[in-house]
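Following is a predicted model, sequence given first.
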Amino acid sequence: MDDLFSGLDKAEEEMAEGAWLLRRYAFDNAGDLLAQIEGISATAPFRHMVTPGGFSMSVGMTNCGPFGWVTDRKGYRYQKTDPESGQPWPAMPETFLSLAIDAAKDAGYADFVPNACLINRYEPGAKMSLHQDKDERDFTNPIVSVSLGLPATFQFGGINRGDPVRKYPLSHGDVVVWGGPSRLFYHGIMPLKEGTHDAAGRARFNLTFRHAAL
Ligand code: SIN
Ligand code: FE2
(Lines give C-alpha, C1' and ligand atoms only; values in the text may rest on other atoms or scores of the structure.)
(Ligands and ions follow the chains in the order given, each with its own letter.)
Protein backbone atom coordinates (compact mmCIF):
# COMPACT_ATOMS: atom_id res chain seq x y z
CA MET A 1 0.00 0.00 0.00
CA ASP A 2 1.23 3.49 -0.78
CA ASP A 3 2.16 5.57 2.19
CA LEU A 4 0.02 8.66 1.72
CA PHE A 5 2.00 10.59 4.29
CA SER A 6 5.54 9.78 3.20
CA GLY A 7 6.11 13.35 2.01
CA LEU A 8 5.46 14.82 5.41
CA ASP A 9 8.45 13.41 7.23
CA LYS A 10 10.87 13.84 4.37
CA ALA A 11 14.07 15.28 5.76
CA GLU A 12 15.72 16.31 2.51
CA GLU A 13 14.51 18.55 -0.24
CA GLU A 14 16.31 19.40 -3.48
CA MET A 15 15.94 23.15 -4.00
CA ALA A 16 17.73 23.32 -7.34
CA GLU A 17 20.35 21.21 -9.08
CA GLY A 18 23.19 20.94 -6.55
CA ALA A 19 21.22 22.63 -3.73
CA TRP A 20 19.78 20.70 -0.79
CA LEU A 21 17.78 21.57 2.27
CA LEU A 22 18.65 19.06 5.02
CA ARG A 23 15.95 19.63 7.60
CA ARG A 24 16.93 19.16 11.26
CA TYR A 25 20.37 17.90 10.19
CA ALA A 26 22.14 19.83 12.99
CA PHE A 27 19.35 19.55 15.55
CA ASP A 28 21.17 17.14 17.87
CA ASN A 29 24.32 19.33 17.85
CA ALA A 30 22.47 22.60 18.28
CA GLY A 31 23.12 23.08 22.01
CA ASP A 32 26.83 22.51 21.52
CA LEU A 33 26.94 24.84 18.50
CA LEU A 34 25.24 27.63 20.47
CA ALA A 35 27.68 27.22 23.36
CA GLN A 36 30.60 27.42 20.94
CA ILE A 37 29.15 30.58 19.35
CA GLU A 38 29.04 32.15 22.80
CA GLY A 39 32.71 31.30 23.37
CA ILE A 40 33.78 32.63 19.95
CA SER A 41 31.85 35.88 20.39
CA ALA A 42 33.47 36.45 23.79
CA THR A 43 36.80 36.74 21.91
CA ALA A 44 35.59 38.17 18.59
CA PRO A 45 32.34 40.02 19.38
CA PHE A 46 29.43 40.36 16.94
CA ARG A 47 29.60 43.69 15.15
CA HIS A 48 27.55 45.50 12.52
CA MET A 49 29.91 45.86 9.59
CA VAL A 50 29.65 48.63 7.03
CA THR A 51 29.12 47.95 3.33
CA PRO A 52 31.32 49.60 0.67
CA GLY A 53 28.34 51.91 0.02
CA GLY A 54 28.40 53.09 3.65
CA PHE A 55 25.40 51.22 5.08
CA SER A 56 25.60 49.46 8.44
CA MET A 57 24.40 45.85 8.13
CA SER A 58 21.40 44.86 10.28
CA VAL A 59 22.96 41.42 10.89
CA GLY A 60 25.68 41.19 13.55
CA MET A 61 28.72 39.23 12.34
CA THR A 62 31.83 37.48 13.54
CA ASN A 63 33.98 34.61 12.22
CA CYS A 64 35.97 31.58 13.23
CA GLY A 65 38.53 29.53 11.36
CA PRO A 66 41.63 30.47 9.34
CA PHE A 67 39.78 33.09 7.24
CA GLY A 68 36.97 35.48 8.10
CA TRP A 69 34.65 37.44 5.83
CA VAL A 70 34.64 41.18 6.40
CA THR A 71 33.24 44.29 4.78
CA ASP A 72 34.10 47.96 5.20
CA ARG A 73 34.27 51.08 3.01
CA LYS A 74 37.14 49.42 1.09
CA GLY A 75 35.09 46.39 0.03
CA TYR A 76 34.15 42.79 0.77
CA ARG A 77 36.97 40.32 1.40
CA TYR A 78 38.37 37.47 3.48
CA GLN A 79 41.15 38.10 5.96
CA LYS A 80 43.06 36.08 8.53
CA THR A 81 42.67 38.61 11.32
CA ASP A 82 39.81 40.33 13.09
CA PRO A 83 39.97 44.01 12.07
CA GLU A 84 38.70 45.00 15.54
CA SER A 85 41.54 43.34 17.44
CA GLY A 86 44.23 42.64 14.85
CA GLN A 87 44.28 39.06 16.18
CA PRO A 88 43.63 35.84 14.24
CA TRP A 89 39.97 34.75 14.26
CA PRO A 90 39.11 32.15 16.94
CA ALA A 91 39.76 28.57 15.84
CA MET A 92 36.98 26.64 14.15
CA PRO A 93 35.59 24.16 16.73
CA GLU A 94 35.83 20.48 15.81
CA THR A 95 32.02 20.13 15.99
CA PHE A 96 31.62 22.91 13.40
CA LEU A 97 34.14 21.32 11.06
CA SER A 98 32.75 17.80 11.21
CA LEU A 99 29.15 18.99 10.82
CA ALA A 100 30.04 21.01 7.71
CA ILE A 101 32.04 18.16 6.19
CA ASP A 102 29.27 15.61 6.86
CA ALA A 103 26.49 17.83 5.50
CA ALA A 104 28.48 18.62 2.34
CA LYS A 105 29.18 14.93 1.82
CA ASP A 106 25.51 14.01 2.22
CA ALA A 107 24.63 16.66 -0.37
CA GLY A 108 27.12 15.18 -2.84
CA TYR A 109 30.25 17.25 -2.12
CA ALA A 110 32.68 14.69 -0.75
CA ASP A 111 35.82 16.85 -0.84
CA PHE A 112 34.63 19.91 1.05
CA VAL A 113 36.80 21.11 3.93
CA PRO A 114 35.88 24.64 5.02
CA ASN A 115 38.53 27.16 6.02
CA ALA A 116 36.12 29.96 6.90
CA CYS A 117 32.97 30.19 9.01
CA LEU A 118 30.97 33.40 9.04
CA ILE A 119 28.64 33.61 12.04
CA ASN A 120 25.56 35.79 11.56
CA ARG A 121 23.32 36.98 14.38
CA TYR A 122 19.84 38.20 13.44
CA GLU A 123 17.61 39.98 15.91
CA PRO A 124 13.95 40.62 15.03
CA GLY A 125 13.84 43.00 12.05
CA ALA A 126 17.30 42.06 10.76
CA LYS A 127 17.52 40.80 7.18
CA MET A 128 19.98 39.93 4.47
CA SER A 129 19.15 41.23 1.00
CA LEU A 130 19.47 39.00 -2.06
CA HIS A 131 23.15 38.47 -2.89
CA GLN A 132 25.61 35.96 -4.34
CA ASP A 133 28.46 34.47 -2.28
CA LYS A 134 31.27 35.30 -4.67
CA ASP A 135 34.20 36.55 -2.59
CA GLU A 136 35.70 33.04 -2.20
CA ARG A 137 37.33 33.00 -5.68
CA ASP A 138 37.12 29.21 -5.67
CA PHE A 139 33.61 28.18 -6.70
CA THR A 140 34.27 24.44 -6.95
CA ASN A 141 33.41 24.21 -3.24
CA PRO A 142 29.84 24.45 -1.95
CA ILE A 143 28.42 26.70 0.76
CA VAL A 144 27.11 24.99 3.91
CA SER A 145 24.67 27.05 5.97
CA VAL A 146 23.35 26.09 9.43
CA SER A 147 20.32 27.74 11.06
CA LEU A 148 19.88 28.00 14.84
CA GLY A 149 17.35 29.73 17.06
CA LEU A 150 14.39 31.73 15.76
CA PRO A 151 12.86 30.65 12.42
CA ALA A 152 13.49 32.64 9.26
CA THR A 153 12.41 32.72 5.64
CA PHE A 154 15.23 31.91 3.22
CA GLN A 155 14.93 33.17 -0.33
CA PHE A 156 16.63 31.14 -3.02
CA GLY A 157 16.65 32.40 -6.59
CA GLY A 158 18.80 31.73 -9.61
CA ILE A 159 21.98 32.86 -11.31
CA ASN A 160 20.53 36.25 -12.27
CA ARG A 161 19.27 38.77 -9.74
CA GLY A 162 15.91 38.97 -11.51
CA ASP A 163 15.29 35.19 -11.57
CA PRO A 164 12.21 33.91 -9.71
CA VAL A 165 12.80 33.38 -6.00
CA ARG A 166 11.39 30.55 -3.91
CA LYS A 167 10.87 30.89 -0.17
CA TYR A 168 11.85 28.21 2.35
CA PRO A 169 11.17 28.34 6.07
CA LEU A 170 14.37 27.55 8.00
CA SER A 171 14.26 26.54 11.64
CA HIS A 172 16.53 25.44 14.44
CA GLY A 173 18.90 22.73 13.19
CA ASP A 174 18.18 23.06 9.47
CA VAL A 175 21.12 22.94 7.06
CA VAL A 176 21.24 24.21 3.47
CA VAL A 177 24.02 23.18 1.08
CA TRP A 178 24.42 24.73 -2.37
CA GLY A 179 27.17 24.21 -4.91
CA GLY A 180 27.89 23.01 -8.43
CA PRO A 181 25.32 24.49 -10.82
CA SER A 182 23.69 26.54 -8.03
CA ARG A 183 26.88 27.73 -6.31
CA LEU A 184 26.38 31.36 -7.41
CA PHE A 185 22.61 31.49 -7.02
CA TYR A 186 21.13 34.58 -5.39
CA HIS A 187 19.84 34.11 -1.84
CA GLY A 188 18.79 36.12 1.18
CA ILE A 189 16.87 36.23 4.45
CA MET A 190 13.56 38.08 4.92
CA PRO A 191 13.25 40.39 7.97
CA LEU A 192 13.26 38.21 11.09
CA LYS A 193 9.94 38.04 12.91
CA GLU A 194 9.65 38.89 16.60
CA GLY A 195 9.96 35.91 18.91
CA THR A 196 11.92 34.13 21.61
CA HIS A 197 13.56 30.75 21.10
CA ASP A 198 14.00 28.31 23.99
CA ALA A 199 17.70 27.73 23.34
CA ALA A 200 18.80 30.91 21.55
CA GLY A 201 16.61 33.66 23.03
CA ARG A 202 15.51 36.59 20.87
CA ALA A 203 17.83 35.74 18.01
CA ARG A 204 18.61 33.59 15.01
CA PHE A 205 22.18 32.45 14.42
CA ASN A 206 23.51 31.25 11.10
CA LEU A 207 26.82 29.53 10.46
CA THR A 208 28.02 29.81 6.87
CA PHE A 209 30.91 27.55 5.99
CA ARG A 210 33.00 28.35 2.94
CA HIS A 211 36.30 27.53 1.35
CA ALA A 212 38.00 30.84 0.69
CA ALA A 213 41.04 31.30 -1.53
CA LEU A 214 43.12 34.46 -1.34
C1 SIN B 1 24.24 34.36 4.14
O2 SIN B 1 23.81 34.30 3.01
O3 SIN B 1 25.42 34.68 4.39
C4 SIN B 1 23.35 34.07 5.32
C5 SIN B 1 22.20 33.20 5.03
C6 SIN B 1 21.42 32.88 6.29
O7 SIN B 1 21.47 33.65 7.27
O8 SIN B 1 20.74 31.84 6.32
FE1 FE2 C 1 25.23 34.39 1.42
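In hand now; what should we look at? Ligands and ions are numbered 1, 2, ... in the order given.

show me the contacts for Ala200.
Residues near Ala200 by C-beta atoms under 8 Å, 6 or more residues apart in numbering: 34, 148-150, 172. (C-beta placed from N, C-alpha, C; glycine too.)

Val70 too?
Each residue near Val70 by C-beta under 8 Å, 6+ apart is listed here: 49, 63, 76-79, 83.

What about these, which are in helices?
The members of the contacts of Val70 all map outside helices under DSSP state H.

Let me have these in a markdown table, extended by pLDDT and distance to Gly179.
As requested, those are exported to a markdown table (pLDDT from 0 to 100; distance: C-beta to C-beta, whole Å):
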| residue | pLDDT | distance to Gly179 |
| --- | --- | --- |
| Met49 | 98 | 25 |
| Asn63 | 98 | 20 |
| Tyr76 | 96 | 20 |
| Arg77 | 96 | 21 |
| Tyr78 | 97 | 18 |
| Gln79 | 97 | 23 |
| Pro83 | 98 | 28 |
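
What are the phi and psi values at the residue in the chain positioned nearest to ligand 1?
Residue of the chain nearest ligand 1, by C-beta to the nearest ligand atom: Asn206 (3.4 Å). For Asn206, the backbone dihedrals are phi -140, psi 130 (criterion: degrees, to the nearest 10).

Without its sequence neighbours, what residue ends up closest to it?
Spatial nearest neighbour of Asn206, chain neighbours left out: Asn120 (4.2 Å); criterion: C-beta to C-beta, 6 or more residues apart in numbering.

Just the buried ones from the contacts of Val70, in ChimeraX syntax?
Remark: buried members of the contacts of Val70, expressed as a ChimeraX selection using 16 or more other C-beta atoms under 10 Å:
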select :49,63,78
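
Filtering the contacts of Val70 by proximity to ligand 1, which remain?
On the criterion C-beta under 6 Å from any ligand atom, none of the entries of the contacts of Val70 sits beside ligand 1.

Show the average pLDDT along the helix or strand harbouring Trp69.
Assessed by DSSP states H and E, Trp69 sits inside strand 68-72. Per-region confidence: strand 68-72 scores 98 on mean pLDDT.

starting at the chain centroid, how far to it?
15 Å (C-alpha atoms, centre = their mean, to the nearest Å).

Does it reach ligand 1?
No: using C-beta under 6 Å from any ligand atom, strand 68-72 stays clear of ligand 1, with a minimum separation of 8.3 Å.

and the closest residue in space to Pro45 that isn't next to it in sequence, what are its bridge partners?
Of all residues not flanking Pro45 in the chain, Thr62 sits nearest, at 6.5 Å (C-beta to C-beta, 6+ apart). Beta-bridge partners for Thr62, by DSSP bridges, are Ile119.
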